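[1] need the 3D shape of this:
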Amino acid sequence: QVQLVESGGGSVQAGGSLRLSCAASRYTYSSYCMGWFRQAPGKEREWVASSYGGGKTYYADSVKGRFTISRDNAKNTLYLQMNSLQLEDTAMYYCAAASARCYIVSDVRYWGQGTQVTVSS
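    So this is what the prediction gives:
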């Protein structure tokens, strides 16, 4: 059974930092593109960042330069380092695994349970 287990969410003031983690099974981690999505109340789920096994990373324009996606292959863990957090970054953040296009919600095959990030002024 594929499991994606997120951790690291919480509350932080604007300008602060948080690091999210997503632990995955070895098969999932090595076989799929891994990414992060987020969903704010009343809004659609949106793509945040993706990491491919070959090392390429991609970011949504809204987080480029502030967020960094990375992998620890020894631990089968995906990370999202979030710096300079803004009020509009408040959302539930989801780890995702997809066969190819892990920047499209409908292509995601597996989702984590989500971890809440709340940014306050």
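[2] assign the most centrally placed residue in the chain to helix, strand or coil.
    Geometric centre of the chain, nearest residue: residue 36, 2.4 Å, by Cα atoms, centre = their mean. Under the three-state scheme (DSSP: H, G, I helix; E, B strand; the rest coil), residue 36 adopts strand.
[3] CA atoms only for the worst-scoring helix or strand of the chain on mean pLDDT, dumped as CSV, please.
    Each helix and strand of the chain was given a mean pLDDT (mean pLDDT, DSSP states H and E); the minimum falls on helix 26-31 at a mean of 73. The C-alpha trace of helix 26-31 is given here as CSV (Å, rounded to 0.1, in the frame of the first residue of the first chain):
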residue,chain,number,x,y,z
ARG,A,26,10.8,3.2,-1.4
TYR,A,27,8.8,2.1,-4.5
THR,A,28,6.8,5.3,-4.6
TYR,A,29,9.7,7.5,-4.0
SER,A,30,11.8,6.0,-6.8
SER,A,31,9.1,5.4,-9.3
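[4] residues making contact with it?
    For helix 26-31, contacts defined as Cβ atoms under 8 Å, 6 or more residues apart in numbering pick out 2, 3, 4, 53, 71, 73, 76, 77, 78, 97, 110. All C-beta spots, glycine's among them, are computed from the backbone N, C-alpha and C.
[5] of those - the most surrounded one?
    residue 78 (28 neighbours; other Cβ atoms under 10 Å).
[6] that one belongs to a strand?
    Yes - under three-state DSSP, residue 78 sits within a strand.
[7] correct me if wrong: it contacts residue 32.
    No - between residue 78 and residue 32 there is no contact under Cβ atoms under 8 Å: 10.3 Å.
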